[in-house]
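Return a 3D structure for these sequence lines:
(4 chains)
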Protein chains: 2
Amino acid sequence: MIKDNLKKYVLLDDCPVRNVLDRVGDKWSILVISILGEGGTLRFNELNAVIGTISQKMLTVTLKTLEADGLVSRKIYPQVPPRVEYTLTPLGESLLPAMSLLVDWAMQNMSAIKASREQYSGRKELV
Amino acid sequence: MIKDNLKKYVLLDDCPVRNVLDRVGDKWSILVISILGEGGTLRFNELNAVIGTISQKMLTVTLKTLEADGLVSRKIYPQVPPRVEYTLTPLGESLLPAMSLLVDWAMQNMSAIKASREQYSGRKELV
DNA sequence: CGGCATCCCTTCCGATACTG
DNA sequence: CAGTATCGGAAGGGATGCCG
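As a prediction, this is how the structure comes out:
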């Protein structure tokens, strides 16, 4: 059932599935969306501090992309020094359930996957 | 709720969430898993033909990775010319529901995302 | 038929330095 | 504080050619 729909869309130049999954697949989007999903509204440096290991550049790029996609909204307070707050839009929030399911699956099956990888790499070394 | 768990795992060196999401996020894995999810068992060149636009190299790499992760099983028939069949493992099948949810979300919200992107890029051109 | 090896171009992403 | 700009290494991925 999925296949035909999926193939039809995935192979398009502006494939929606791929477009979305590009966000899911990149290094920081899921983490940012999840943090905003729980934290509500956060400032740039709060996000930076919570994540801890992200570079300023990638946080900027990630947020800009999510904003362009309409998943995150950006509010600027015209102060000096500036204050910028980020929040999930309703569209962004609607993505949370699907993401959670995937994250849960990942955490539940990580040990099986890890074991499989070790077995697989072990196979090679025996040759 | 997600945040702490997610942060704890996502920032590890061998983060399980990222490891799994790397499969979901790469260019072909979702398509291959979905096709096998519907098609049952397929040969290498059948997959190649169904997808149509994938390079042989990437199909090989994708299948090898999925096999290493234990999501896809590979069966070789010792013939000449060789016959190799691919099937989802139970672990691979258990990923289908989460993937479907994400794919459904993508297809339902693609127009909203596209519209948002156009509006966002329009903003810049006006500056 | 079902790969693997190589080349090469593009994109990702971190580090660093600078700005309103 | 919240960015922008630039550089360079690393990874992704297509095209091609060879092989059991």
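
Mind checking which residue lies nearest the centre of chain A?
Central residue of chain A (CA atoms, centre = their mean): residue A:30, 2.0 Å from the mean position.

Do any residues in the helix or strand hosting that one lie close to chain B?
If you go by DSSP states H and E, residue A:30 is part of helix A:29-39. Yes: Helix A:29-39 reaches chain B (CB under 8 Å from any CB of the partner chain) through A:30, A:31, A:34, A:35, A:37, A:38, A:39. Backbone N, C-alpha and C define where each C-beta goes, glycine included.

What subset of those residues is buried?
A:30, A:31, A:34, A:35, A:37, A:38 (16 or more other CB atoms under 10 Å in any protein chain shown).

so how far is DNA strand C from residue A:98?
Remark: distance between residue A:98 and DNA strand C (CB to the nearest atom of the strand, to the nearest Å) = 20 Å.

And the helix or strand that residue falls within, what does it pack against?
Secondary structure from DSSP H and E places residue A:98 in helix A:96-125. The contact analysis (3 or more CB pairs under 8 Å, 6 or more residues apart in numbering or on different chains; DSSP states H and E) places helix A:96-125 against helix A:29-39, helix B:2-10, helix B:16-25, helix B:56-68, helix B:90-94, helix B:96-125.

roughly how far is it from the heart of the chain?
In terms of CA atoms, centre = their mean, to the nearest Å, the centre of helix A:96-125 is found 18 Å from the chain centre.

What does the pLDDT read for the nearest residue to residue A:120 once chain neighbours are set aside?
The shortest distance from residue A:120 to any non-neighbouring residue, by CB to CB, 6 or more residues apart in numbering or on different chains, is to residue B:68 (4.1 Å). With respect to pLDDT, residue B:68 scores 95.

okay, and the helix or strand of chain A with the least pLDDT?
helix A:2-10 (a mean of 62; mean pLDDT, DSSP states H and E).

Spatially, what comes nearest to residue A:103 if we skip its sequence neighbours?
residue B:17 (5.7 Å).

ugh, typo on my part, it should be residue A:96
residue A:37 (4.9 Å).

per-residue confidence for the one you found?
At residue A:37, pLDDT is 94.

returning to that earlier point: and the next helix or strand past the helix holding residue A:30?
That would be, after helix A:29-39 and using DSSP H and E, strand A:41-43.

what does chain A put close to DNA strand D?
A:43-46, A:56-57, A:60, A:63-64, A:74, A:81-85 (CB under 7 Å from any atom of the strand).

try 10 Å
Residues of chain A lying near DNA strand D by CB under 10 Å from any atom of the strand: A:18, A:22, A:25, A:42-49, A:55-61, A:63-64, A:67, A:74-77, A:79-86.
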